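Asks: pasted the sequence and its predicted model underneath.
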Number of protein chains: 2
Amino acid sequence: MRAAGNNRSRISKLMLSDSVYARDPAPHLAAHVFAALGDATRLSLLTKLSDGQTRSISGLSADTNLTRQAITKHLHVLENAGLVISSKVGRESQFAFRPEPIAEVRAYLASVSQQWDDALARLRAFVER
Amino acid sequence: MRAAGNNRSRISKLMLSDSVYARDPAPHLAAHVFAALGDATRLSLLTKLSDGQTRSISGLSADTNLTRQAITKHLHVLENAGLVISSKVGRESQFAFRPEPIAEVRAYLASVSQQWDDALARLRAFVER
DNA sequence: CATAAATGCAACCTCCAGGTTGCGCTTAAT
DNA sequence: ATTAAGCGCAACCTGGAGGTTGCATTTATG
């Protein structure tokens, strides 16, 4: 059960611009982070935490109309993406923002934008009268 | 069926730093874009297209080991997120990269990073001997 | 005109992301 | 010593994401 000869119709009608060939900068790496950011609840949690203050689970659950356990799951997703770090203090576990993955993802987006800008520049140079 | 008195345990043990209160800059807006980026296949498609060249569906399906239809779905997800735009030319539909949402998302990440940096600066100033 | 290419559409399938409920355990608070 | 807060864990439920197959349609091609 693979692709039933459906794909691979025209291998590559043109191979141009291989000097600036479109590579895959950070494929798997960034996808997980993006996926973690791709949820409104998680995005909200992260935004709250990005002020540098550490918060407990129930602290983050308040004003959320979601269950504490739901928030807990979201926090674990964020933690697995490295966007947040937890540490138990007393009976409550405190969560803190972790900026590293953000930087990584920003770099990725910057590279994509750069590639796009370069393409535009090249096009403009070509059309140049 | 809501939260069964489970949440809302301690409303707010402290209300400090309300001057730099953590707002939600672009909650719903960005989430869709992030979600669209949160898939390795889609990320790969977008990276290919970010070189400015327009590609057909089967052109993008080649070398993917996924079905053409699967790729089509992914492309539609990207299109709904505004990351890509399609136009039919002849019997094939060409897809092109669209940078606007990327810029939007970059702005969001920049604001989060900024908020974090500000928090650090404030902390450092406080600890300052 | 007959055939192949490139898609669109729809039905289907499977799995897991998000959510909830219930319960037990540990750590404050009174 | 009790009681309440704050969590962790596990079972369960549901909808939609990601894929596939089959078939019809439109547009090139020889």
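Replies: That came through fine. All of these numbers come straight from a predicted model, not from anything done at the bench.

Asks: when you work out contacts or count neighbours from here on, use the C-alpha atoms and nothing else.
Replies: OK.

Asks: shaky segments in chain A?
Replies: Filtered on pLDDT under 70, chain A yields the residue ranges A:1-27, A:129.

Asks: now the most centrally placed residue in it. Nearest residue, chain neighbours left out?
Replies: Against the mean C-alpha coordinate of chain A, by Cα atoms, centre = their mean, the closest residue is A:F34 at 2.1 Å. Closest residue to A:F34 apart from its sequence neighbours, by Cα to Cα, 6 or more residues apart in numbering or on different chains: B:G38 at 4.4 Å.

Asks: please apply the same query to A:R68.
Replies: Closest to A:R68 by Cα to Cα, 6+ apart is A:S61, at 5.4 Å.

Asks: what helix or strand does the residue nearest to A:H74 when sequence neighbours are not counted sit in?
Replies: Excluding the flanking residues, the one nearest A:H74 by Cα to Cα, 6+ apart is A:R42, at 6.0 Å. Using DSSP states H and E, A:R42 sits in helix A:40-49.

Asks: by contact count, what packs against that helix?
Replies: helix A:68-80, strand A:92-97, helix B:27-37 (3 or more Cα pairs under 8 Å, 6 or more residues apart in numbering or on different chains; DSSP states H and E).

Asks: now it and helix A:68-80, what's the angle there?
Replies: 70 degrees (axes from the mean of the first three to the mean of the last three Cα atoms, to 10 degrees).

Asks: what's the next secondary structure element after helix A:40-49?
Replies: strand A:55-56.

Asks: quick one: is that next one near chain B?
Replies: No. When contact is scored as Cα under 8 Å from any Cα of the partner chain, no part of strand A:55-56 falls within range of chain B; the minimum is 10.4 Å.

Asks: quick one: strands adjacent to that strand?
Replies: According to DSSP bridges, strand A:55-56 has the following sheet partners: strand A:92-97 (antiparallel).

Asks: mind listing what's buried in the next helix or strand after the strand it pairs with?
Replies: Where DSSP H and E defines the elements, the next helix or strand beyond strand A:92-97 is helix A:100-127. Across helix A:100-127, burial judged by 16 or more other Cα atoms under 10 Å in any protein chain shown covers A:101-102, A:105-109, A:112-113, A:115-119.

Asks: what's helix A:100-127 packed up against?
Replies: Using 3+ Cα pairs under 8 Å, 6+ apart: helix A:100-127 touches helix A:27-37, helix B:100-127.

Asks: that's all I had, so thanks and see you.
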